[in-house]
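Asks: need a structure here:
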Amino acid sequence: MGVSRTFPLPYDAHSGFTARRYVETFAAEEKLEDDTVAMSIIVSELVTNAVVHGKGPVELTLRHERGEVTVEVADADPRLPNVRTPDDHEHCVGGKGLLIVGSLADRWGTRLSDRGKTVWAAIRTANP
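Replies: Residues are numbered from 1 along each chain as shown. Sure, this is the predicted structure:
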């Protein structure tokens, strides 16, 4: 049986910082320290997207089961994220968050709910 924790996040510029602290605590509790950097980068990108492009409230769920960690970020905006190709933003500073998530995660995706959407990413862990 897996472990799952859900955390409400402020809908502001501090959400990414708060989410990374939750990741660090969760990783320590679950003995996933080797995966903390990837998890922190993923959560930063997903939370930033939720705050910049979504609607509050924002919620973070961290799940560890069967050798995999899933990071889920939910917000109240039902619009799915727009994934751009590298050519679209070759000279732009932003717009690469989901490309970064995709490069770090083993798989990722989105799902709609009656409250908005959830963007999630899963990585295999060094510690099953």
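Asks: Check the secondary structure at R5 for me.
Replies: strand (DSSP: H, G, I helix; E, B strand; the rest coil).
Asks: what ranges do the strands span in this structure?
Replies: 3-9, 58-65, 68-75, 107-113, 116-124 (DSSP state E).
Asks: Which helix runs longest in the chain?
Replies: For the chain, the helix with the greatest residue count under DSSP state H is helix 36-53.
Asks: Run the angle between that helix and strand 58-65 for me.
Replies: Here the directions of helix 36-53 and strand 58-65 differ by 150 degrees (axes from the mean of the first three to the mean of the last three C-alpha atoms, to 10 degrees).
Asks: returning to that earlier point: out of the strands of the chain, which is the most enclosed?
Replies: For these, the largest average neighbour count (mean count of other C-beta atoms under 10 Å) is found in strand 68-75, namely a mean of 23. (Each C-beta comes from the backbone N, C-alpha and C, glycine too.)
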